[in-house]
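>>> Pasting the sequence and the predicted coordinates here, then a few questions.
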Amino acid sequence: MAEVLELELATYKRLLPSLLKDEGKYAVIKGEALIGIFDSYSDALAEGYKVAKLKPFLVKKIAATETVAYFSRDVDSACITAS
């Protein structure tokens, strides 16, 4: 899915310096256009669907630094079946 949103992510990065005045809010981006900035994720998502319908759009929390989450999978040996 990342390839689909490459343009939107590039637009977010390009606009980030000016978006930082609204840090903590949510930006809605479609292509190279900033659709708007919203206080909540749900409001941003609703506007994204209103404008883009079922076409891809990006809702991104405005932040000076990215938060990275790492997940690991704990493989339970009981789940592994013998062949």
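Arrived safely, thanks for sending. Numbering: from 1, shown residues only.
>>> Can you list the low-confidence ranges for the protein?
Where the chain drops to pLDDT under 70, the residues are 1-2, 71, 73-83.
>>> can you rerun that using 80?
Applying pLDDT under 80 to the chain picks out residues 1-2, 69-83.
>>> Would you map the helices across it?
Per DSSP state H, the chain carries helices over the ranges 6-19, 41-52.
>>> Any idea which of the ones you listed gets closest to L34?
Closest of the helices of the chain to L34 is helix 6-19, at 6.0 Å (criterion: C-beta to C-beta). C-betas here are computed from N, CA, C, even on glycine.
>>> follow-up on the earlier one: for the helices of the chain, which one sits closest to Y26?
helix 41-52 (3.8 Å).
>>> quick revisit: in TSV: the helices of the chain, plus mean neighbour count and distance to Y70.
TSV is the format used below for these (neighbours: other C-beta atoms under 10 Å; distance: least, C-beta to C-beta, whole Å):
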stretch	mean neighbour count	distance to Y70
helix 6-19	14	20
helix 41-52	16	22
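>>> Quickly note the distance from the residue nearest in space to the middle of the chain to L5.
The residue lying closest to the centre of the chain (C-alpha atoms, centre = their mean) is K60, at 3.9 Å. The gap separating K60 from L5 is 9 Å, by C-beta to C-beta, to the nearest Å.
>>> mind checking which of the helices of the chain is nearest V68?
Proximity to V68 (C-beta to C-beta) singles out helix 6-19 among those, at 14.9 Å.
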